[in-house]
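Peer 1: Fold the following, please.
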Amino acid sequence: MTKNDKSYVIAIDQGTTSSRAIIFDHDGKIVSVGQKEHEQIFPKAGWVEHDATEIWDNIREVIGNALSKANLTRHHIEAVGITNQRETAVVWDKNTGKPVYNAIVWQDTRTQPIVDELAGPEKDLDRFKDICGLPLATYFSGTKVKWILDNVEGAREKAEAGDLLFGTTDTWVLWNLTGGTDGGVHVTDVTNASRTMFMDLKSLSWDESILKEFGVPASMLPEIRSSSEVYGTVHSDQLLREVPIAGILGDQQAATFGQAAFEAGEAKNTYGTGCFLIFNTGEEIVHSKNGLLTTVGYKIGDQPAHYALEGSIAVAGSLIQWLRDNLKLISSAPEVERLAASVEDNGGVYIVPAFSGLFAPYWRSEARGAIVGLTRFANRGHIARAALEATAFQTREVLDAVNADAEVPFEELKVDGGMTANDALMQFQADILGVPVIRPEITETTALGAAYAAGLAVGFWRDMDELRAQWAEDTRWVPAMADEERDRQMRLWKKAVTKTFDWVDEDVQ
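Peer 2: All right, here's what the predicted structure looks like:
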């Protein structure tokens, strides 16, 4: 590859609502961004889908946009990193390159009957947890693959004949970037593999006994590799031809990596469509007793894997989108901060956004959203404020679970993601946690983490100490709420959460 004076790394961030290509320089600074949203498809209540072909088309477009905005070519790019929405499942025909069904998104709840069936009469949701670190839940990609094989005509026969491939969206993007039907590389990394329910956390390999229970042929599954190594090069018919693809991390692990939270006891919380707190447990696998997930944090080349505890919250930023799109309470997302600031407090109103059940630490799939504490006094401002505060309350519950599971007490929280631009929310977050909340200078930590993983593999960055030195604090929020008020707020929040339980039964969806 021709070397230029200036060289860069490009990260492809295939997210829930959009796909982006972000070019970073050696200092970890953003050079340019290409971004394009894709359609959110809701065929039925609880069903969420994406068109995987549309996503791939968008990826090619945003790569071109990012390069042209920075006036760069493939010769300036040292490596490609990929990060992605993790549990969203794509199944495609390896001979035609076409998906057999839309991608089923991580938020989708249609697979609850499959979860119930696998849990058996004992309702043992933790049946596979010792192996894969995860409870049986609609969230993970394993049940989505089974649903496609069970419900798409001809899919099971094709899968058993070895003609179908499965992957989360990192694998779909990688396969297409490296040639698709013309020699595409069918690979995922340990972080994404750890979100399927199919991977043994200890051996970092697919577990045949679980695959058998799910009825998923092993031939469909990608090869599991580390998060930082060269998987292949971009195919000759692409803009980035011959550039090595050298890093893959699921989006939340990528954000943790981008925050340089490399050591045991370090953590971050990402405020996006959902909210995801990851706590690094080092080389030790810690099984949660408090509703957290055990997952792989990262694995660099031949080095041992680092593990993590994760608290996954299904609805954070998407609650603000719901206020905008469904209730028409606001016309744009930033307006929610102004509306929330128009009132002194939440007026006793609490919103529990259990739109697709409750994730961590409850794992109650039958829960549904509720607005409680309404009086004639309540107005739009109180509802806007309650919507913002819901994210902070949910994060506090997840942090309480981390503190109960981990031996190291939690002393501060690094934050990233779109909602961290909201100063009032971040102050309330610090208040309700009782620990400082810290936002870094570069908040695009998800894409940065993928860039870091790719750059390490090709020697663009020397080592993790060099990456750690690039992290810089931007803003710190310190708790200012009295202990009694914090306790009162949490007591009311927990009471509100109980009102969402047991909503779905035989005749209610």
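Peer 1: so what's the residue nearest to R368 when sequence neighbours are not counted scoring on pLDDT?
Peer 2: Leaving aside its sequence neighbours, R368 sits nearest to W503 (Cβ to Cβ, 6 or more residues apart in numbering; 4.1 Å). Placement of C-beta: from N, CA and C, glycine included. At W503, the model reports a pLDDT of 90.
Peer 1: Which secondary structure element is home to W503?
Peer 2: Taking DSSP states H and E as the definition, W503 sits outside all helices and strands.
Peer 1: what's the helix or strand encompassing L467 in contact with?
Peer 2: According to DSSP H and E, L467 maps onto helix 464-470. With contact meaning Cβ atoms under 8 Å, 6 or more residues apart in numbering, helix 464-470 is reached by 27-28, 260, 262, 300, 452, 456, 461.
Peer 1: out of those residues, which are inside helices?
Peer 2: 452, 456 (DSSP state H).
Peer 1: which one of the contacts of helix 464-470 has the most neighbours?
Peer 2: Y452 (32 neighbours; other Cβ atoms under 10 Å).
Peer 1: In the contacts of helix 464-470, find the pair that's most separated.
Peer 2: Greatest spatial distance in these: D27 and I300, 20.7 Å, computed using Cβ to Cβ.
Peer 1: related to what we said a few turns ago, quick check, nearest of the contacts of helix 464-470 to V173?
Peer 2: Y452 (18.1 Å).
Peer 1: who are the neighbours in contact with the closest one?
Peer 2: Contacts of Y452 by Cβ under 8 Å, 6+ apart are 28, 81, 247, 257-258, 461, 467.
Peer 1: gap between it and G297?
Peer 2: Relative to G297, Y452 is positioned 13 Å away (criterion: Cβ to Cβ, to the nearest Å).
Peer 1: next one: L149
Peer 2: 30 Å.
Peer 1: where along the stretch 101-250 of the chain do the helices fall?
Peer 2: Taking DSSP state H, counting those that start in this stretch as the test, the helices found in the stretch 101-250 of the chain are 112-119, 129-132, 141-151, 155-160, 169-177, 190-193, 208-214.
Peer 1: Let me know which of those helices is tucked in deepest.
Peer 2: Highest mean neighbour count among the helices of the stretch 101-250 of the chain (mean count of other Cβ atoms under 10 Å): helix 190-193, with a mean of 29.
Peer 1: Residues touching that helix, excluding its own?
Peer 2: Contacts of helix 190-193 (Cβ under 8 Å, 6+ apart): 84, 86, 168, 170-171, 199, 204, 206, 222, 224-227, 248-250, 253-254, 295-299, 305.
Peer 1: repeat that with 7 Å
Peer 2: The contact list for helix 190-193 (Cβ atoms under 7 Å, 6 or more residues apart in numbering) reads 84, 86, 168, 170, 199, 204, 224, 226-227, 248-250, 253, 296, 298-299, 305.
Peer 1: Also stretch 166-185?
Peer 2: 12, 14, 52, 55-56, 59, 82, 84-91, 95, 97, 103, 141, 145, 186-188, 192, 220-222, 231-232, 234-235, 238, 245, 248.
Peer 1: Among the residues you listed, name the ones in strands.
Peer 2: Per DSSP state E, strands hold the following members of the contacts of stretch 166-185: 12, 14, 82, 84, 89-91, 103, 187-188, 231-232, 245, 248.
Peer 1: Make JSON lines out of these and add pLDDT, neighbour count and distance to I383.
Peer 2: Putting the ones in strands among the contacts of stretch 166-185 into JSON lines (pLDDT from 0 to 100; neighbours: other Cβ atoms under 10 Å; distance: Cβ to Cβ, whole Å) gives the following:
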{"residue": "I12", "pLDDT": "98", "neighbour count": "30", "distance to I383": "37"}
{"residue": "Q14", "pLDDT": "97", "neighbour count": "27", "distance to I383": "33"}
{"residue": "I82", "pLDDT": "98", "neighbour count": "32", "distance to I383": "38"}
{"residue": "N84", "pLDDT": "97", "neighbour count": "32", "distance to I383": "33"}
{"residue": "A89", "pLDDT": "97", "neighbour count": "29", "distance to I383": "35"}
{"residue": "V90", "pLDDT": "98", "neighbour count": "29", "distance to I383": "37"}
{"residue": "V91", "pLDDT": "98", "neighbour count": "27", "distance to I383": "40"}
{"residue": "A103", "pLDDT": "98", "neighbour count": "30", "distance to I383": "33"}
{"residue": "V187", "pLDDT": "98", "neighbour count": "22", "distance to I383": "46"}
{"residue": "T188", "pLDDT": "98", "neighbour count": "28", "distance to I383": "41"}
{"residue": "Y231", "pLDDT": "98", "neighbour count": "24", "distance to I383": "47"}
{"residue": "G232", "pLDDT": "97", "neighbour count": "18", "distance to I383": "50"}
{"residue": "I245", "pLDDT": "98", "neighbour count": "26", "distance to I383": "45"}
{"residue": "I248", "pLDDT": "98", "neighbour count": "33", "distance to I383": "40"}
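Peer 1: Just the closest of those residues to E337, please.
Peer 2: Q14 (28.2 Å).
Peer 1: pretty sure that closest one contacts Q85?
Peer 2: Yes: Q14 is in contact with Q85 according to Cβ atoms under 7 Å; the separation is 6.5 Å.
Peer 1: Distance check, E157 against L164.
Peer 2: E157 is 10 Å from L164, where distance means Cβ to Cβ.
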